[in-house]
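Trainee: sequence and predicted structure, then a few things I'm wondering about:
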Amino acid sequence: MRRSVVTCLWGAVCLLHPGTVSATNPDPSLQPPRIDAAITIDGQLEDAWWDAAHFDGFSEFMPNHGVPAQVPTEGYVAHTDTDLYVAFICHDPQIDRLRASMTDRDGIYRDDFVGVVIDTY
């Protein structure tokens, strides 16, 4: 499952060009660099991430669609020959108010989250 998600993400990112981008830009684009070693997925961003393509400037999805996010969030993208890696750093000054509950399908939209959407068309 993880490999198929990574493969899908890689396909979407392949179409983008180099640079740091803002997520609020109507046509954001970036080129994730190729890294030599696989990244350990453990919640800690190791040195390899700092060479990754960086993006920021996120906006709200709900309840205020398109409004700049109230707290800063950074994203990083990199790839190997076989995998795509995406990481987020969410700077939440009120981490004790973070919402993340067990929920039924589509219930995640009531919680705080960062997501990656791949539009293949």
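Mentor: The structure has been received and is ready for your questions.
Trainee: gap between the closest residue to Ala38 other than its chain neighbours and Pro33?
Mentor: Sequence neighbours aside, Thr80 is the residue nearest to Ala38 in space, at 5.8 Å (criterion: C-beta to C-beta, 6 or more residues apart in numbering). Quick note: C-beta positions are derived from backbone N, CA and C, even for glycine. Thr80 sits 10 Å away from Pro33, taking C-beta to C-beta, to the nearest Å as the criterion.
Trainee: out of these two, which sits in the more crowded spot?
Mentor: Using other C-beta atoms under 10 Å, the more surrounded residue of Thr80 and Pro33 is Thr80, with 16 against 13.
Trainee: return the distance of that one relative to Ala48.
Mentor: Distance from Thr80 to Ala48, by C-beta to C-beta: 10 Å.
Trainee: ok, now Asp36?
Mentor: From Asp36 to Ala48 the distance is 8 Å (C-beta to C-beta).
Trainee: of the two, which one has the most company?
Mentor: Ala48 (18 against 7).
Trainee: and what about the more buried one, helix, strand or coil?
Mentor: Following DSSP: H, G, I helix; E, B strand; the rest coil, we place Ala48 in the helix state.
Trainee: got a list of what the residue nearest to Ala38 touches?
Mentor: Contacts here follow C-beta atoms under 8 Å, 6 or more residues apart in numbering; on that basis Thr80 touches 34-38.
Trainee: so which of those residues sit within strands?
Mentor: Among the contacts of Thr80, no member falls in strands (criterion: DSSP state E).
Trainee: so which of those residues comes closest to Cys90?
Mentor: Ranked by distance to Cys90 (C-beta to C-beta), the contacts of Thr80 are led by Ile35 at 22.5 Å.
Trainee: where in this protein is pLDDT low?
Mentor: Scanning the chain with the threshold set as pLDDT under 70 gives 1-28, 99-111, 118, 120.
Trainee: can you map out the helices along it?
Mentor: For the chain, applying DSSP state H gives helices covering 2-13.
Trainee: I am finished for the moment; much appreciated.
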